[in-house]
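Asks: Here is my input, please return the structure:
(one chain, ligands or ions: 2)
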Amino acid sequence: MSCIRCIRNLRRSYSTQPPRPVRGMSDRLGVAEYKHRHILSRAEAAAESYGFEPIHTPILEYSSVYERSLGADSDVVGKEIYKFLDSSQQWMTMRPEGTAGVARALITNKLEGLMPQKFYYSGPMFRHERPQKGRLRQFEQFGVEAFGTSHPAVDIECISMAWQFLNSLDIDGDLSIRLNTLGDKESRVEYRSALLQYFTESKSRLSEDSLRRLNTNPMRILDSKDEADIAVAKDAPMYVDYLSSASRERFDFIKLGLDEHQIPYTLDDRLVRGLDYYQHTVWEVSCASDLLGRSQATVLAGGRYDGLTTALGGSRSLPGIGWAAGIERLALLLPDCRTPVPQSAIPVLIVPDRSLEPGSRVVGDCLYRYALSVASVVRKQRSAHVVHAPVHSSGSQSAMHPPLSKQLASVLSKTPAPPYVLIVGSNEMGQRQVIKRDTATQMQTVVDYGQISSHLDS
Ligand code: ATP
Ligand code: MG
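Replies: Numbering: from 1, shown residues only. Ligands and ions are numbered 1, 2, ... in the order given. Sure thing, here's the model as predicted:
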């Protein structure tokens with residue numbers, strides 16, 4: 001009984017409450033959408049200039065794709081993923097990052113034997129985190145992945161592509177690259193046991209999350225954002241002291257390459273990145289700016305993930321490296337005034353005829369048709385639209401139309417405002433003319449219908 005009442009109450013509240021967006025997920029429109037597209041187009045241009053090709057993978061993957069690659073104890077898989085059982089009783093995960101899906105696609109599309117493969121992608125990612133400035137539950141990433149080459153020259157190329165992309169955006173704030181190496185497996189085994197010993201001695205000061213990391217992957221404690229963990233990690237053993245000579249030489253090659261390409265970086269041996277699959281080179285690019293929240297300064301992060309395809313069940317262990325950038329964080333750093341927006345469409349405004357019905361503003365069918373044909377002449381050269389009456393009367397023959405002043409205020413409030421508008425009324429229709437009104441000067445010129453095209457860009 002009470003259940004039925006619940007359902008009734010729910011129905012009642014559904015019918016009276018306006019719909020709400022999901023927390024941490026937002027709409028994007030107007031300049032925000034143009035900003036987003038601009039950032040993506042710059043990223044695509046950078047990736048294509050380095051020979052990367054587009055790839056598109058689904059938002060849903062079987063959960064095992066992420067569990068096998070990111071590591072079941074990573075923050076993303078352990079705490080942040082949107083995971084559910086679908087109606088076929090399959091565990092599904094909404095894409096939290098791009099690399100695992102691209103690696104899965106490489107295997108699915110039988111490309112493992114056709115190396116190298118270089119891809120770029122973009123799209124929404126989903127992580128159940130605490131929403132704040134620059135941290136959303138649905139956000140977009142642009143990313144690149146290069147498979148099949150282990151030579152450190154590729155690492156240099158990937159970092160320099162990221163740097164080229166970020167610098168092609170005119171963002172507010174200084175960008176800086178932090179660089180580290182996680183070394184090879186052998187180096188990590190030794191470093192892991194040194195860290196385990198150090199953190200076990202300071203166990204009582206570690207956060208709950210880090211106590212868990214102590215047993216699974218103590219290197220992750222170095223990545224913690226918890227103040228207490230940061231204080232303990234400050235005196236932890238340094239990785240450089242445990243690197244094998246091969247790992248050290250590899251890293252030296254990369255540093256030299258970046259120097260030669262004048263790509264600035266600082267070394268940060270506390271940079272470990274949060275996912276299981278990283279090894280050797282890792283880097284993050286952050287931006288010092290009040291526009292991003294305190295913990296959201298990182299706008300792009302990348303690393304090498306040799307062997308990821310094997311973890312996913314592929315037939316070969318392939319080298320791979322990639323990075324991903326957070327589009328929303330970059331958008332926060334890009335001012336509206338530096339966002340290219342498309343040329344505005346020229347509005348064709350119709351002056352309503354007062355004489356047809358006393359007290360009402362009615363546009364006759366002929367005048368509407370004339371306005372449509374004016375717009376189609378303009379559209380041969382640039383975009384144009386007829387400004388319609390917001391409320392239509394029940395019959396299709398006539399429409400209540402706002403006065404010209406209201407139409408002007410509305411079309412000129414757009415960003416960017418159209419450079420001019422075209423105005424037609426019964427008079428202009430009778431004379432087969434239009435009035436061209438310049439937005440900046442408010443000057444009006446009468447133009448013959450046949451001359452419209454030659455007046456458009458003047
Ligand atoms: P953070 O340390 O900020 O949580 P992360 O290491 O989890 O970042 P990555 O998985 O490396 O992030 O993702 C690459 C980039 O994607 C980040 O540098 C950031 O710009 C962006 N990003 C990650 N999580 C979010 C989020 N929840 N909302 C918006 N952008 C995000
Ligand atoms: Mg994170």
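
Asks: if you skip the residues just before and after it, what's nearest to Lys380?
Replies: In space, and not counting its chain neighbours, Lys380 is closest to Ser453: 6.8 Å by Cβ to Cβ, 6 or more residues apart in numbering. Using the backbone N, CA and C atoms, a C-beta is placed for each residue, glycine as well.

Asks: now swap in Tyr82 and tell me
Replies: Among residues not flanking Tyr82 along the chain, Met94 sits closest, at 4.1 Å (Cβ to Cβ, 6+ apart).

Asks: Okay, the one you found and ligand 1: tell me how far apart.
Replies: Note on Met94: its distance to ligand 1, by Cβ to the nearest ligand atom, to the nearest Å, is 13 Å.

Asks: for Arg213, same thing?
Replies: From Arg213 to ligand 1 the distance is 15 Å (Cβ to the nearest ligand atom).

Asks: what's the helix or strand in which that residue is found packed up against?
Replies: For Arg213, the host element (DSSP states H and E) is helix 208-216. Taking 3 or more Cβ pairs under 8 Å, 6 or more residues apart in numbering; DSSP states H and E as contact, the helices and strands that helix 208-216 lies on are helix 185-201.

Asks: Spit out the contact partners of Ala297.
Replies: By Cβ atoms under 8 Å, 6 or more residues apart in numbering, the residues touching Ala297 are Ser286, Cys287, Ala288, Ser289.

Asks: Please report how far it lies from Ser176.
Replies: Ala297 is 9 Å from Ser176, where distance means Cβ to Cβ, to the nearest Å.

Asks: now Met25
Replies: The gap separating Met25 from Ser176 is 30 Å, by Cβ to Cβ.

Asks: Put the alpha carbons of stretch 278-297 into PDB.
Replies: Listed next in PDB are the C-alpha coordinates belonging to stretch 278-297 (Å, rounded to 0.1, in the frame of the first residue of the first chain):
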ATOM      1  CA  TYR A 278      52.300   3.000 -16.900                       C
ATOM      2  CA  GLN A 279      56.000   2.400 -17.100                       C
ATOM      3  CA  HIS A 280      59.100   4.400 -18.100                       C
ATOM      4  CA  THR A 281      58.100   7.900 -19.200                       C
ATOM      5  CA  VAL A 282      55.300   9.700 -17.500                       C
ATOM      6  CA  TRP A 283      54.500  13.400 -17.600                       C
ATOM      7  CA  GLU A 284      51.800  15.900 -16.700                       C
ATOM      8  CA  VAL A 285      51.200  19.400 -17.900                       C
ATOM      9  CA  SER A 286      49.700  21.800 -15.500                       C
ATOM     10  CA  CYS A 287      48.700  25.400 -15.500                       C
ATOM     11  CA  ALA A 288      49.100  27.800 -12.600                       C
ATOM     12  CA  SER A 289      45.800  29.700 -12.700                       C
ATOM     13  CA  ASP A 290      43.100  30.700 -10.300                       C
ATOM     14  CA  LEU A 291      40.600  29.700 -13.000                       C
ATOM     15  CA  LEU A 292      41.100  26.000 -12.100                       C
ATOM     16  CA  GLY A 293      40.400  24.500  -8.700                       C
ATOM     17  CA  ARG A 294      43.400  23.800  -6.400                       C
ATOM     18  CA  SER A 295      43.600  20.100  -7.300                       C
ATOM     19  CA  GLN A 296      42.600  20.500 -10.900                       C
ATOM     20  CA  ALA A 297      45.700  22.200 -12.300                       C
END
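
Asks: which residues touch the closest residue to Asp438 other than its chain neighbours?
Replies: Using Cβ to Cβ, 6+ apart and skipping the chain neighbours, the partner closest in space to Asp438 is Tyr420 (5.1 Å). Applying Cβ under 8 Å, 6+ apart to Tyr420 gives the contacts Ile346, Lys436, Arg437, Asp438, Thr439.

Asks: Tell me which two in those residues are the farthest apart.
Replies: By the measure Cβ to Cβ, Ile346 and Asp438 form the most distant pair in the contacts of Tyr420, at 11.9 Å.

Asks: Neighbour count: the two, which is higher?
Replies: Higher neighbour count among Ile346 and Asp438: Ile346, with 22 against 13, using other Cβ atoms under 10 Å.

Asks: May I ask you to confirm that that one is in contact with Arg382?
Replies: Yes - using Cβ atoms under 8 Å, Ile346 makes contact with Arg382 at a distance of 6.5 Å.

Asks: Which residues are in contact with each of those two?
Replies: Leu456.

Asks: Considering the contacts of Ala297, which possesses the most neighbours?
Replies: Among the contacts of Ala297, Cys287 has the most neighbours (other Cβ under 10 Å), with 22 neighbours.

Asks: what about that one, is that helix, strand or coil?
Replies: strand (DSSP: H, G, I helix; E, B strand; the rest coil).

Asks: Which positions in stretch 183-195 come out as buried?
Replies: Neighbour-count burial for stretch 183-195, counted by 16 or more other Cβ atoms under 10 Å, picks out Gly183, Asp184, Ser187, Arg188, Glu190, Tyr191, Ala194, Leu195.

Asks: So what touches that stretch?
Replies: If you take Cβ under 8 Å, 6+ apart as the criterion, stretch 183-195 is touched by 182, 217-219, 221-222, 236-237, 239, 242-244, 246-247, 279-280.

Asks: What of stretch 80-87?
Replies: For stretch 80-87, using Cβ under 8 Å, 6+ apart, the contacting residues are Ser63, Tyr66, Trp91, Met92, Thr93, Met94, Pro96, Phe126, Arg127, His128, Glu129.

Asks: Could you measure from the second one over to Arg37?
Replies: Tyr66 is 28 Å from Arg37, where distance means Cβ to Cβ.

Asks: who's more crowded, those two?
Replies: Tyr66 (27 against 16).

Asks: Now do Ser393, the pLDDT please.
Replies: For Ser393, the pLDDT comes out at 49.

Asks: that older thread, which residues does the helix holding Arg213 contact?
Replies: Contacts for helix 208-216 (Cβ under 8 Å, 6+ apart): Asp73, Leu196, Phe199, Thr200, Lys203, Leu206, Arg220, Ile221, Ser224, Asp226, Asp229.

Asks: Which parts of the stretch 301-450 of the chain are helices?
Replies: Secondary structure of the stretch 301-450 of the chain (DSSP state H, counting those that start in this stretch): helices located at 308-311, 327-333, 365-378, 404-412, 426-431.

Asks: Identify the residue of the stretch 1-150 of the chain closest to ligand 1, quick one.
Replies: Phe139 (3.5 Å; Cβ to the nearest ligand atom).

Asks: Assumed that residue was part of a helix.
Replies: No - going by three-state DSSP, the assignment for Phe139 is strand, not a helix.

Asks: Am I right that it is in contact with Glu328?
Replies: Yes - with contact taken as Cβ under 8 Å, Phe139 and Glu328 are classed as touching, separated by 5.1 Å.

Asks: where are the low-confidence patches of the stretch 51-200 of the chain?
Replies: Along the stretch 51-200 of the chain, the model assigns pLDDT under 70 to residues 73.

Asks: So what pairs up with the closest residue to ligand 1 within the stretch 251-400 of the chain in the strands?
Replies: Taking Cβ to the nearest ligand atom, ligand 1 has its nearest neighbour within the stretch 251-400 of the chain at Gly326, 2.3 Å off. Gly326 has these beta-bridge partners by DSSP bridges: Gln141.
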